[in-house]
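Visitor: Take a look and give me a structure for this.
(2 chains)
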Amino acid sequence: DVKVTQSSRYLVKRTGEKVFLECVQDMDHENMFWYRQDPGLGLRLIYFSYDVKMKEKGDIPEGYSVSREKKERFSLILESASTNQTSMYLCASSTTGLSPLHFGNGTRLTVT
Amino acid sequence: GQNIDQPTEMTATEGAIVQINCTYQTSGFNGLFWYQQHAGEAPTFLSYNVLDGLEEKGRFSSFLSRSKGYSYLLLKELQMKDSASYLCAVRVYNTDKLIFGTGTRLQVFP
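Guide: Residues are numbered from 1 along each chain as shown, chains lettered A, B, ... in the order given. Coordinates of the predicted model:
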């Protein structure tokens, strides 16, 4: 079974802090994704990576950056956290082609 | 751009059949996926369609009409544990990105 692990289940940060969300997958998947999920808005893609050091912006990249130095790890960085970044963050991975996304359990981030 | 529409909420009775619709308008299309998400949990993959027609997987079936930009998820013999959100997602042409609809929250009553 594919395992996608997110480092924290709950996180509370202050406005202006730099925040790192970590995600690790154990299935040698090429693709990794970061989504945020908000009530009424569904899952929105922040960033996507299709290979080590390769990244592509999703629909809502503003205020976020990402890092993929190793194939199994994909980090989401909030350079200066703001209250409107309070959300559930979901990491996912997949192989190339028509394969489903496998999601981690999510990190609920609260920015105060 | 992409636009994916699903009903926000649906209710049904245990043992019944329910159909959850999804319509989409995308600049390119390369497959449609359905996910189930229980409250507080991660989404889990249910099915996908690339070609027109019906794909059956036990109690769940998914249908696609590419010309109409339309899909549905059919759940038969509903059980209480089927109470969850159902997410429709479109794979963007020439990428592996999935763009999700806002999801349909299904409540199954005894």
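Visitor: any idea what sits nearest A:Gly97, other than its immediate chain neighbours?
Guide: B:Asp96 (7.3 Å; CB to CB, 6 or more residues apart in numbering or on different chains). Where C-beta positions appear, they are placed from N, C-alpha and C, glycine not excepted.
Visitor: was I right about that neighbour contacting A:Leu45?
Guide: No - between B:Asp96 and A:Leu45 there is no contact under CB atoms under 8 Å: 11.4 Å.
Visitor: Name the residues of chain B found near chain A, please.
Guide: B:30-31, B:33, B:41-45, B:48, B:50, B:87, B:89, B:91, B:95-103 (CB under 8 Å from any CB of the partner chain).
Visitor: again, only this time at 7 Å
Guide: Residues of chain B lying near chain A by CB under 7 Å from any CB of the partner chain: B:31, B:33, B:42-43, B:45, B:48, B:50, B:87, B:96-103.
Visitor: For residue 94, the count of nearby residues, please.
Guide: Unless you meant another one, I'm taking chain A. A:Ser94 is flanked by 24 other residues according to other CB atoms under 10 Å in any protein chain shown.
Visitor: um, chain B though
Guide: Neighbours around B:Asn94, by other CB under 10 Å: 8.
Visitor: For the closest residue to it other than its chain neighbours, list the residues it contacts.
Guide: Sequence neighbours aside, B:Gly28 is the residue nearest to B:Asn94 in space, at 6.5 Å (criterion: CB to CB, 6+ apart). Going by CB atoms under 7 Å, 6 or more residues apart in numbering or on different chains, B:Gly28 touches B:92-94.
Visitor: quick revisit: most widely separated two among the residues of chain B next to chain A?
Guide: B:Ala42 and B:Val50 (23.9 Å; CB to CB).
Visitor: which of these two has more neighbours?
Guide: Neighbours per residue (other CB under 10 Å) separate B:Ala42 from B:Val50, with B:Ala42 holding more: 20 against 15.
Visitor: Pull the contacting residues for that one.
Guide: With CB under 7 Å, 6+ apart, B:Ala42 has these contacts: A:90, A:103-106.
Visitor: give me that answer again for 6 Å
Guide: The contact partners of B:Ala42, by CB atoms under 6 Å, 6 or more residues apart in numbering or on different chains, come to A:103, A:105-106.
Visitor: same check, this time on A:Lys71
Guide: Per CB under 6 Å, 6+ apart, neighbours of A:Lys71: A:Val52.
Visitor: what do you get if the cut-off is 7 Å, keeping everything else the same?
Guide: Counting by CB under 7 Å, 6+ apart, the residues that A:Lys71 touches are A:28, A:52.
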